[in-house]
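[1] Got a predicted structure plus its sequence, pasted below:
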Amino acid sequence: MAGAGYKLFNTGDVLTAAQVNTYLMEQTVMVFADAAARTTALTGVVSEGMISYLKDTNAVEVYNGSAWVASDDPNAIQNTIVDAKGDLITATAADTPARLAVGSNGDTLVADSAASTGLRWQGNYSAGKNKIINGDFGIWQRGTSITLSNGAFAYTADRFEVYTQFSAGSSSFSQQTFTAGTAPVAGYEGTFFGRLTCGSTASYFDIAQKIESVRTFAGQTATLSFWAKASGSIVITPYLIQNFGSGGSSNVNTAGSTITLTTSWTRYTVTLSVPSISGKTIGAGNYLSALLAHTSGSLNSATIDTWGWQVEAGSVATAFQTATGTLQGELAACQRYYLKSYNQATAPGTASNTIGNFGYSAISATSTNNRFNIRFPVNMRATPTITLYSTSSGTSAKIYNEQAGVDYDGVAQFVGETGFHGYTSSGTPTLGHQLIFHYVASIEL
């Protein structure tokens, strides 16, 4: 008689065994210590519609004819389905509650009709969250292998600056290519990474990027994350350094906990409280620097590989993304600080009077002081320094006369954020000769 419904008994009615079982027992909330105790007590007599209460989980459950399921009591659903902090109660169909497990730190919840619950977690890919430009080491305008000098800073991959100390051998920072499918993070197929190769007797290095404006993350919590590996056990310390620019207040260095690099790609994360800039004097060229500094461990002939730099607001390292999210966007962001007329694969100052690296040209209109105007592909951060190169010899401050086969002295003037005016200051080109040159414009922090 299970499921017979509600029955009102009158005075003097005689209960049959079936009525007692159905109305008094099967429709009563039975209390058990746990599910095991319930199974022992009800083996062979469970019937659809039975209700039980489990003391160990504080769960009210209903037998649906084949299994005990959570009742419509929200507390019972929570205690039965949700079993971890951050879990969500959702549904796989009407009246069928289900659990969506909590995502990874920083993930975003999105609707997805293909998912069983209609929802899923995915990495946070908000454009602009990463203040590091060229964090995937995709842009190398200066060349793919930069020789480093002892005790000197050098720009390498775009926006990255490297400092080394060594007394023997040679040090360099070079572009390396990931074997397809071996990039260190699933979901982002990186192409290049940077490799620092230390001299045979090396004692120190740091790798840094200067983020424009010391106001960046001031008074906030910020998280620096990156992937790295080394040829041996090398300890580094991450920093966020506030530099207040020319004439500004003294630097404020905020250090994170030390990190021991291993021989395997690993993502490292450090969360730092960036000090307030209240009361500080801010000068021109101010910035916030993200820096990794050698702390201990032998650097003799060591290699340190790195990729996937990210600095973002908050205390969680979210999924890696470049600053702009696009290849052309990253190049344009790099060109705000440094740009050249060469193909990306051609280092500045390289003689390259060839197809694809032909450079800029002007037709001589007079025998002296031939002039030309150059418009940059993007506006630069401030007025840059211009270097002209002959396309024949690669010599700086020279402009090549293709027909005559000679170099003339070249001068850039009226330089601004948008371009410059140049002219030949020596030589007497024949009217109509083609004058060819390359240029580099730089205004790094």
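    The structure has been received and is ready for your questions.

[2] only C-alpha atoms for contact and neighbour calcs from this point on.
    Fine.

[3] so what's the closest residue to residue 440 other than its chain neighbours up against?
    Distance criterion CA to CA, 6 or more residues apart in numbering; nearest residue to residue 440, sequence neighbours excluded, is residue 340 at 4.3 Å. Each residue near residue 340 by CA atoms under 8 Å, 6 or more residues apart in numbering is listed here: 141, 348, 438-441.

[4] Can you name the residues bridging to residue 210?
    residue 289 (DSSP bridges).

[5] tally of neighbours for the closest residue in space to residue 212 that isn't next to it in sequence?
    Nearest non-adjacent residue to residue 212, counting by CA to CA, 6+ apart: residue 287, 4.7 Å away. For residue 287, the count of nearby residues is 22 (other CA atoms under 10 Å).

[6] what's the domain layout of this structure?
    The chain breaks down into these domains under automatic domain parsing: 1-81, 85-123, 145-335, 340-442.

[7] Can you add mean pLDDT and give those domains back as a markdown table?
    Converted to a markdown table, these look like this (pLDDT from 0 to 100):
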| stretch | mean pLDDT |
| --- | --- |
| domain 1-81 | 76 |
| domain 85-123 | 76 |
| domain 145-335 | 96 |
| domain 340-442 | 87 |
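
[8] and those domains as CSV, adding distance to residue 136?
    CSV is the format used below for these (distance: least, CA to CA, whole Å):
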stretch, distance to residue 136
domain 1-81, 40
domain 85-123, 17
domain 145-335, 5
domain 340-442, 16
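
[9] Ok, which of those comes nearest residue 131?
    domain 145-335 (5.5 Å; CA to CA).

[10] So which residues of the stretch 51-200 of the chain form strands?
    According to DSSP state E, counting those that start in this stretch, the stretch 51-200 of the chain carries its strands in the segments 51-54, 59-63, 68-70, 88-93, 96-100, 108-111, 119-122, 145-148, 152-155, 160-166, 171-177, 192-197.

[11] got the ones you listed as CSV, with mean neighbour count and distance to residue 240 columns?
    What follows is those, written out as CSV (neighbours: other CA atoms under 10 Å; distance: least, CA to CA, whole Å):
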stretch, mean neighbour count, distance to residue 240
strand 51-54, 21, 53
strand 59-63, 22, 50
strand 68-70, 21, 51
strand 88-93, 15, 36
strand 96-100, 17, 37
strand 108-111, 13, 27
strand 119-122, 17, 28
strand 145-148, 18, 23
strand 152-155, 16, 18
strand 160-166, 21, 14
strand 171-177, 19, 22
strand 192-197, 22, 20
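
[12] closest to residue 372 out of the ones you listed?
    Residue 372 lies closest, by CA to CA, to one member of the strands of the stretch 51-200 of the chain: strand 152-155, at 29.3 Å.

[13] now that closest one, how far from the centre of its chain.
    24 Å (CA atoms, centre = their mean, to the nearest Å).

[14] who does it pair up with?
    Looking at strand 152-155 with DSSP bridges, its partner strands are strand 160-166 (antiparallel).

[15] Taking strand 171-177 as reference, get the angle to the partner strand.
    Put simply, strand 160-166 runs at 140 degrees to strand 171-177, going by axes from the mean of the first three to the mean of the last three CA atoms, to 10 degrees.

[16] Pull the residues that contact strand 160-166.
    148-156, 171, 173, 198-210.

[17] tilt between that strand and strand 192-197?
    Calculated by the same axes, to 10 degrees, strand 160-166 forms an angle of 20 degrees with strand 192-197.

[18] now strand 160-166: how far from the chain's centre is it?
    22 Å.

[19] for stretch 164-172, same thing?
    In terms of CA atoms, centre = their mean, the centre of stretch 164-172 is found 30 Å from the chain centre.

[20] Provide a list of residues in contact with residue 266.
    184, 227-229.

[21] Minimum distance to residue 135: which of the domains of the chain has it?
    domain 145-335 (4.6 Å).

[22] Next, the distance between the ends of that closest one.
    By CA to CA, to the nearest Å, the extent of domain 145-335 from end to end equals 19 Å.

[23] follow-up on the earlier one: of the contacts of strand 160-166, keep whichever come out buried.
    By neighbour count, with 16 or more other CA atoms under 10 Å, these hold 148-150, 153-156, 171, 173, 198-210 as buried.

[24] hang on, the earlier thing: who wins for neighbours among the contacts of residue 340?
    Taking other CA under 10 Å as the neighbour criterion, residue 438 ranks highest of the contacts of residue 340 with 29 neighbours.

[25] That one: what secondary structure?
    strand (DSSP: H, G, I helix; E, B strand; the rest coil).

[26] wait, doesn't it sit right on residue 392?
    No - using CA atoms under 8 Å, residue 438 makes no contact with residue 392, being 10.1 Å away.

[27] quick one: contacts for the residue nearest to residue 212?
    210-216, 242-245, 445.

[28] how about the strands in the stretch 301-445 of the chain?
    For the stretch 301-445 of the chain, the strands defined by DSSP E, counting those that start in this stretch occupy 303-313, 338-340, 360-363, 371-375, 385-390, 398-401, 406-413, 419-424, 434-442.

[29] sorry, back to before: quick one, which of the strands of the stretch 51-200 of the chain is nearest to residue 254?
    strand 160-166 (18.7 Å).

[30] Restrict that closest one to CA atoms and write it as PDB.
    Extracted in PDB, the C-alpha atoms of strand 160-166 (Å, rounded to 0.1, in the frame of the first residue of the first chain):
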ATOM      1  CA  PHE A 160      63.200  42.600 -20.400                       C
ATOM      2  CA  GLU A 161      66.400  43.800 -18.900                       C
ATOM      3  CA  VAL A 162      69.200  41.400 -17.700                       C
ATOM      4  CA  TYR A 163      72.100  42.200 -15.400                       C
ATOM      5  CA  THR A 164      75.100  39.800 -14.800                       C
ATOM      6  CA  GLN A 165      78.300  39.600 -13.000                       C
ATOM      7  CA  PHE A 166      81.000  37.200 -14.100                       C
END
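
[31] Any idea what residue 271 is bridged to?
    Going by DSSP bridges, residue 271 forms beta bridges with residue 223.

[32] For residue 129, give me its contacts.
    Counting by CA under 8 Å, 6+ apart, residue 129 touches 311-313, 323.

[33] measure residue 395 to residue 276 for me?
    47 Å.

[34] no no, residue 131
    Taking CA to CA, one finds residue 131 at 18 Å from residue 276.

[35] Among those two, which residue is more densely surrounded?
    residue 131 (24 against 13).
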